[in-house]
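> What follows is a protein structure lacking sequence information:
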């Protein structure tokens, strides 16, 4: 791995000379201490590769694609040392030749390794996270040349590599981790198995005390990655990650320890990058200004390239909706705060508990944190435990409400906990943001497309409702209506902003006077020929298709099914008597509304021609391009509707 096979490249396309990377072998059983020459070589390699990480991840920031600089930048010293170990293992008998990483957002490291191994031309790094560049926000095996594993979501890797260690018993397996990923419950189970079976797994944990929402030392007092791993029975050695002698000594000690062992590397996030060092701002892609300041004295051509890049623009102004757009995921927090504003703070404190899982800025909970700190609890990256805590608060007392939020992709992680919540008659309002696929540069593992898994109770069980508002105004109306309802309520929103839906007279459909009725579908446009049924971010796209069909003389209607899992008997009978029904959604085509709606029609002896569109392919990266790639744009909806019309 990474023996500098890279072909020549055009320096104007990639102005950092990676031929200055000079790998050399190290054997931890023999090279117990570094010579000055070895130390100088490692430091030079670390500096060079860190500069590359800053540069190409900053191109993602410059284009508006984001892309996580800090974690990848931090762990380059460990990576460079481990590459030297792999280089010394000439017959590949000692180590599994993969640097597994359970923090998938540190994907920049994996792409850099693919370049160093000769699998990718170096200039491809300049297309980091772009659509169809095969460089998405998390590594995907089989998509990107040279990538050797799919990390999935945070904290899912260690259990998997335990299996690798069981299969490769004579070899050592490496895993890069973090204090954030180690908060996930999967890692506790993996630690117990690794210790019990004496697996030769070596962990390298970047303990920088930074996650998305802040500092674990502040919001998760008592948590220590080192003490946790020691408690499970691992050998743990702590090191200063920015002192090459300290780091190398710790790694050598762990490498020469039989069985599972961990290096806990202490460092501020993004060390020595002015403006973001030690800050949660370093978790995502470095912003252009600090990147330019960092690169100017080192690689002025890189700084000039960043100055020249223009942000990506992706806009689709469509019929039937506004040019202006709003973020429903943020509006959730505003809507909850508006409900809490109606009651004094002491009452709120008695009745409501809002639990965050390190994503408050992304899911709208930061609004609640600011406006109603009396109900807010910052917690760690522990979706299962945090949801159950919200359920415990909202259980055993009909007057209390638990509120929980995270990304929709992580909804799959709490399925068993939902059963426990139902059995204990819990009241929980959950907001899952980043639903669907729109603007999901993190790609397939972050697609929020299996929300119907949440409706997994029995027919006579405690009630579950799934709500997906079409715009910010409807988000306000839904939250206001269902906040104090009993049972489990799930509200979904997208990462992308959405426009406001308009009536035929140009006024806002969910504007003044609108009242949300749970379980009631809304007729956005009446039609006699057939109906498109949609919701959420696909409603405005479907409305555009409907308006264009009507311009062609086809009297097609549109239904907003904002309560996803309840049949509106009146509406289904009306639309079921027309020529066709088409469901258009951005959830999984296999498990979404479309997979159910046809059955609902047949159960009522309604037999229109039927079709459905949904997410059906692994992602292409980029932002809004995901929608067209999945065949979910207005044009695709229009075409599918025409195919159903005789």
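Received, thanks. Remember, predicted model here, so these are calculated numbers, not experimental data. Residues are numbered from 1 along each chain as shown.
> use CA for all of it now, contacts and neighbours both
Noted.
> Report the buried residues of stretch 495-511.
The neighbour-count check on stretch 495-511 (16 or more other C-alpha atoms under 10 Å) flags 495-502, 508-511 as buried.
> what do you get for stretch 92-104?
Neighbour counts using 16+ other C-alpha under 10 Å place 94-104 of stretch 92-104 among the buried residues.
> and these as TSV, adding distance to residue 566, secondary structure and pLDDT?
Converted to TSV, the buried residues of stretch 92-104 look like this (distance: C-alpha to C-alpha, whole Å; DSSP: H, G, I helix; E, B strand; the rest coil; pLDDT from 0 to 100):
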residue	distance to residue 566	secondary structure	pLDDT
94	57	coil	97
95	54	strand	98
96	50	strand	98
97	51	strand	97
98	47	strand	97
99	47	strand	98
100	43	strand	98
101	41	strand	98
102	38	coil	96
103	38	coil	93
104	36	helix	91
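> so which of the residues you listed comes closest to residue 444?
residue 104 (12.0 Å; C-alpha to C-alpha).
> for the closest one, what are its contacts?
137-139, 151-154 (C-alpha atoms under 8 Å, 6 or more residues apart in numbering).
> Just give the closest residue to residue 230, not the sequence neighbours.
Excluding its sequence neighbours, the residue lying closest to residue 230 (C-alpha to C-alpha, 6 or more residues apart in numbering) is residue 236, at 6.2 Å.
> can you give me the strands for the stretch 351-500 of the chain?
Assigned by DSSP state E, counting those that start in this stretch, the strands in the stretch 351-500 of the chain fall at 352-357, 376-379, 401-407, 428-433, 464-467, 488-492, 498-501.
> now do the stretch 101-250 of the chain
For the stretch 101-250 of the chain, applying DSSP E, counting those that start in this stretch gives strands covering 172-178, 201-207, 235-240.
> so which of the ones you listed gets nearest residue 50?
Nearest to residue 50 among the strands of the stretch 101-250 of the chain is strand 201-207; the distance by C-alpha to C-alpha comes to 15.3 Å.
> Give me the helices and strands touching the closest one, please.
Helices and strands touching strand 201-207, as assessed by 3 or more C-alpha pairs under 8 Å, 6 or more residues apart in numbering; DSSP states H and E, comprise helix 157-167, strand 172-178, strand 261-266.
> Just send those back as a markdown table, with mean neighbour count and distance to residue 240 too.
Rendered in a markdown table, the data for the helices and strands packed on strand 201-207 read as follows (neighbours: other C-alpha atoms under 10 Å; distance: least, C-alpha to C-alpha, whole Å):
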| stretch | mean neighbour count | distance to residue 240 |
| --- | --- | --- |
| helix 157-167 | 19 | 23 |
| strand 172-178 | 24 | 15 |
| strand 261-266 | 26 | 5 |
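> Adding mean pLDDT and distance to residue 390 as columns, could you present the ones you listed in CSV?
Shown next, in CSV, are the helices and strands packed on strand 201-207 (pLDDT from 0 to 100; distance: least, C-alpha to C-alpha, whole Å):
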stretch, mean pLDDT, distance to residue 390
helix 157-167, 98, 27
strand 172-178, 98, 26
strand 261-266, 98, 32
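> Relative to residue 49, which of the ones you listed is closest?
Of all the helices and strands packed on strand 201-207, strand 172-178 comes closest under C-alpha to C-alpha, at 16.8 Å.
> Let me know the pLDDT of the residue nearest to the spatial centre of the chain.
Closest to where the C-alpha atoms of the chain average out (C-alpha atoms, centre = their mean) is residue 446, at 4.2 Å. Per-residue confidence at residue 446 stands at 96 (pLDDT).
> let's have the chain start at 42 instead
Will do, 42 is the new start, and the previous item becomes residue 487.
> before we move on, back to that, what about the strands of the stretch 392-541 of the chain, which gets the closest to residue 111?
Closest among these, using C-alpha to C-alpha: strand 393-398, at 19.9 Å.
> Okay, angle between that closest one and strand 442-448 too, please.
Taking axes from the mean of the first three to the mean of the last three C-alpha atoms, to 10 degrees, one finds that strand 393-398 is oriented at 20 degrees with respect to strand 442-448.
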